[in-house]
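Undergrad: Prediction below, plus the sequence it came from.
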Number of protein chains: 2
Amino acid sequence: MGYTPSAVAQSLVTRQTRTIGLVVTSISDPFVDRIVDGVEGLATEAGYSVFLCSSHADPDREMEIVETFHRRRVDGVIVVASRVGRLYGDHLERLRVPIVLVNNQADSDYVYSVSADDEAGARLAVRHLVELGHQRVGYIGCGLRPPSNRRRQAGWQAELEQAGITVDPDWSTVPDTMDDIKNGRLGLGPLLDAGVTAVFCYNDRTAVGVLLAARERDIHVPGELSVVGFDNIAPSWYVAPALTTVHQPRLKMGNRAMQILFDLLAERPVADALLPCRLVVRESTSAPIENE
Amino acid sequence: MGYTPSAVAQSLVTRQTRTIGLVVTSISDPFVDRIVDGVEGLATEAGYSVFLCSSHADPDREMEIVETFHRRRVDGVIVVASRVGRLYGDHLERLRVPIVLVNNQADSDYVYSVSADDEAGARLAVRHLVELGHQRVGYIGCGLRPPSNRRRQAGWQAELEQAGITVDPDWSTVPDTMDDIKNGRLGLGPLLDAGVTAVFCYNDRTAVGVLLAARERDIHVPGELSVVGFDNIAPSWYVAPALTTVHQPRLKMGNRAMQILFDLLAERPVADALLPCRLVVRESTSAPIENE
DNA sequence: TTGTAAGCGTTATCAA
DNA sequence: TTGATAACGCTTACAA
């Protein structure tokens, strides 16, 4: 009837805004998109609106954003790939705004989290390589995301050891540029020198860097080198060769984060979630070449 | 001092929320990401927060979202790739909420727009192909985005005609699946039958579909077929071969949309913006093969 | 300069 | 059941 009630006046009296704040490192990060889809989808369905803001991976910005969200009296906050993590506990027990972290476990009483099982995912990738017959498989990591890098690297190492392979320290490298693709490019040389026949990468973009560097060196993938990524971002299936990768259930992770937030708001009991990954085999892996 | 003033109470009395609503078709659309960055960057800098919501290209959803934003008393709305477009005029002159459309010109008094110059961009692409020596260049369009498709197709045709080439109707096809990549895949066959030596695609994903289909048919790109895309999304430079494409200044478009909204809010005079595109030549184009 | 009161657009409470 | 009224947490206009 030509008139729309003011949600802000309603919020003032009901003391809830039906609004949540979502902070991401960058919207241009292909890893983030489906997670945003996941939280936004559930939120909208429940009549919530979501504020989106990028921290650009700056911890101070991240904190500012959360304070801004609090100032706007959001009912809750979701942070993807937090750079602050467990530090929230201290800072936010005053604010009393429910907060859930995606891919960044933090065992504070005020902070909950949903993450993909990085270590198990990494093991899936390495097991695939080992079963293919690879003995010397390398790892190219990511210096800018220490927690998840650590878990994926640990999974890589554990799976190799379980296969009875002694891991050579030269098989792994953890570059720390801002650019994942560049990391992959940079990382390949040293690993090749160390004699690896396959490389497991921190994420798909790193793997793309490896693909690019391999092409420049005229190394055939997967003939001469197998490579596997992590995340299963959209381009991973249409680069050449299509990437074998570890799928993270990103939409589901977004959904779950939102669900946890709803539970928190309704004061239902909640538990952190650790979601399983899945191996997706495509064209970038095969049995190692037989030499001599 | 351990206390944060409530922005909602402030909003109630100042009658402005310092909030804007941004509606996109989907966050997972690689075209959208940088536009969101552009909007969000300027907004945050100016102390505004942004609500993000996906319409999934459904006009009804889009309208609902705008109404929700209005209910929340956003100061303005930005819609990327609107499916409603000029229809807003009638519906929103009551709401009196400033609205700016990105890539969807609508000449209503209440609706402003910023767009990339699709037609000029298309001509850039085709001119490049013609200068390379191609005489029969095809076009694969997008049935789901009629306005921009029409402009790009018009640019393609105009540029060919200006080069003195008579355009064969069989050189163009406009598939209308939801999936751009599939469109490219589908479109290649008919064009090949019509004898084209180069194809200009509605966007980069369509071009990726062409690349994929060409590989399956063992057609070498660019040796036997040149292909150019549109948008310059991130993957376009790391697919193989790297795509020649038309760059849309998406970050700038986002910035500009936000700037226009600010001008509207300050009651400064504003004008629609039409931003130029730029050709980016990479590896997917070359001179046509000489036959007999 | 400092303080007090009215009002922003709703919901909720409590009389009638 | 209906209808008036206080309160929500601020800004601002005005009085002291």
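TA: That came through fine.
Undergrad: Residue A:21 contacts residue A:74, correct?
TA: Yes - at 4.3 Å, residue A:21 and residue A:74 qualify as touching, with contact defined as C-beta atoms under 8 Å. Yep, even glycine has a C-beta here, placed from its N, CA and C like the rest.
Undergrad: Have a look at those two and say which one is more surrounded.
TA: A direct count of neighbours by other C-beta atoms under 10 Å in any protein chain shown for residue A:21 and residue A:74 places residue A:74 higher, at 26 against 23.
Undergrad: so who does that one touch?
TA: A:17, A:19, A:20, A:21, A:51, A:97 (C-beta atoms under 8 Å, 6 or more residues apart in numbering or on different chains).
Undergrad: Out of the residues you listed, the closest to residue B:70 would be?
TA: residue A:19 (14.9 Å; C-beta to C-beta).
Undergrad: Make CSV out of the contacts of residue A:74 and add pLDDT, distance to residue B:195 and secondary structure.
TA: Listed next are the contacts of residue A:74 as CSV, based on pLDDT from 0 to 100; distance: C-beta to C-beta, whole Å; DSSP: H, G, I helix; E, B strand; the rest coil:
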residue, pLDDT, distance to residue B:195, secondary structure
A:17, 98, 61, coil
A:19, 98, 57, strand
A:20, 98, 55, strand
A:21, 98, 56, strand
A:51, 98, 53, strand
A:97, 90, 64, coil
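Undergrad: which of the residues you listed are close to DNA strand D?
TA: Among these, not one lies near DNA strand D by C-beta under 7 Å from any atom of the strand.
Undergrad: Which two among those are spaced furthest apart?
TA: For the contacts of residue A:74, the farthest-apart pair by C-beta to C-beta is A:51 and A:97; their separation is 12.5 Å.
Undergrad: ok, residue A:128 to residue B:172 distance?
TA: Distance, residue A:128 to residue B:172, by C-beta to C-beta, to the nearest Å: 44 Å.
Undergrad: still on that earlier bit, overlap in contacts of residue A:21 and residue A:74?
TA: residue A:51.
Undergrad: give me the residue from chain A nearest DNA strand D.
TA: residue A:13 (3.5 Å; C-beta to the nearest atom of the strand).
Undergrad: and the helix or strand where that residue lies with helix B:7-14, angle?
TA: If you go by DSSP states H and E, residue A:13 is part of helix A:7-14. Angle of helix A:7-14 versus helix B:7-14, following axes from the mean of the first three to the mean of the last three C-alpha atoms, to 10 degrees, is 120 degrees.
Undergrad: Just the residues contacting helix A:7-14, thanks.
TA: Contacts of helix A:7-14 (C-beta under 8 Å, 6+ apart): A:17-19, A:73, B:6, B:8-9, B:11-12, B:17, B:71-73.
Undergrad: wait, which of these is closest to DNA strand C?
TA: Ranked by distance to DNA strand C (C-beta to the nearest atom of the strand), the contacts of helix A:7-14 are led by residue B:12 at 4.0 Å.
Undergrad: burial measure for that closest one, as a count.
TA: Neighbours of residue B:12 under the rule other C-beta under 10 Å: 16.
Undergrad: ok, of the contacts of helix A:7-14, which come out buried?
TA: Those of the contacts of helix A:7-14 that meet the buried threshold are A:17, A:18, A:19, A:73, B:6, B:8, B:11, B:12, B:17, B:71, B:72, B:73, by 16 or more other C-beta atoms under 10 Å in any protein chain shown.
Undergrad: Which pair of the residues you listed spans the longest distance?
TA: B:6 and B:71 (18.8 Å).
Undergrad: all strands of chain A, in order?
TA: Per DSSP state E, chain A carries strands over the ranges A:19-24, A:49-54, A:76-80, A:99-102, A:111-116, A:137-140, A:172-173, A:198-201, A:226-231, A:244-247, A:273-275, A:278-280.
Undergrad: now those strands in TSV, with distance to DNA strand C?
TA: Output for the strands of chain A, formatted as TSV (distance: least, C-beta to the nearest atom of the strand, whole Å):
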stretch	distance to DNA strand C
strand A:19-24	15
strand A:49-54	16
strand A:76-80	20
strand A:99-102	25
strand A:111-116	27
strand A:137-140	55
strand A:172-173	58
strand A:198-201	52
strand A:226-231	43
strand A:244-247	44
strand A:273-275	32
strand A:278-280	45
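Undergrad: most tightly surrounded among these?
TA: Of those, the one with the most neighbours on average (mean count of other C-beta atoms under 10 Å in any protein chain shown) is strand A:198-201, at a mean of 31.
Undergrad: just checking, residue A:210 touches residue A:183?
TA: No - taking C-beta under 8 Å as the definition, residue A:210 is not a contact partner of residue A:183, at 9.2 Å.
Undergrad: how far away is the nearest residue to residue A:160 once chain neighbours are set aside from residue B:275?
TA: Computed as C-beta to C-beta, 6 or more residues apart in numbering or on different chains, the closest residue to residue A:160 that is not its neighbour in sequence is residue A:167, at 5.2 Å. Distance of residue A:167 to residue B:275, given as C-beta to C-beta: 52 Å.
Undergrad: for residue A:42, same thing?
TA: Distance of residue A:42 to residue B:275, computed by C-beta to C-beta: 35 Å.
Undergrad: circling back to that earlier point, OK, contacts around the residue nearest to residue A:160?
TA: So residue A:167 contacts A:157, A:160, A:161 (C-beta under 8 Å, 6+ apart).
Undergrad: if we can go back for a sec, between the buried ones among the contacts of helix A:7-14, which is nearest residue A:227?
TA: Distance to residue A:227 across the buried ones among the contacts of helix A:7-14 (C-beta to C-beta) is lowest for residue A:19, with 42.9 Å.
Undergrad: Bridge partners for the closest one, pull those for me.
TA: Residue A:19 has these beta-bridge partners by DSSP bridges: residue A:49.
Undergrad: these two touch, right, it and residue A:70?
TA: No - the pair residue A:19 and residue A:70 fails to qualify as a contact (C-beta under 8 Å) at a distance of 11.4 Å.
Undergrad: Residue numbers of the stretch 1-150 of chain A in contact with chain B?
TA: Contact residues, the stretch 1-150 of chain A versus chain B (C-beta under 8 Å from any C-beta of the partner chain): A:2, A:4-9, A:11-12, A:17, A:19, A:22, A:26-28, A:30, A:33-34, A:36-37, A:40-41, A:44, A:49-54, A:67-73, A:94-95.
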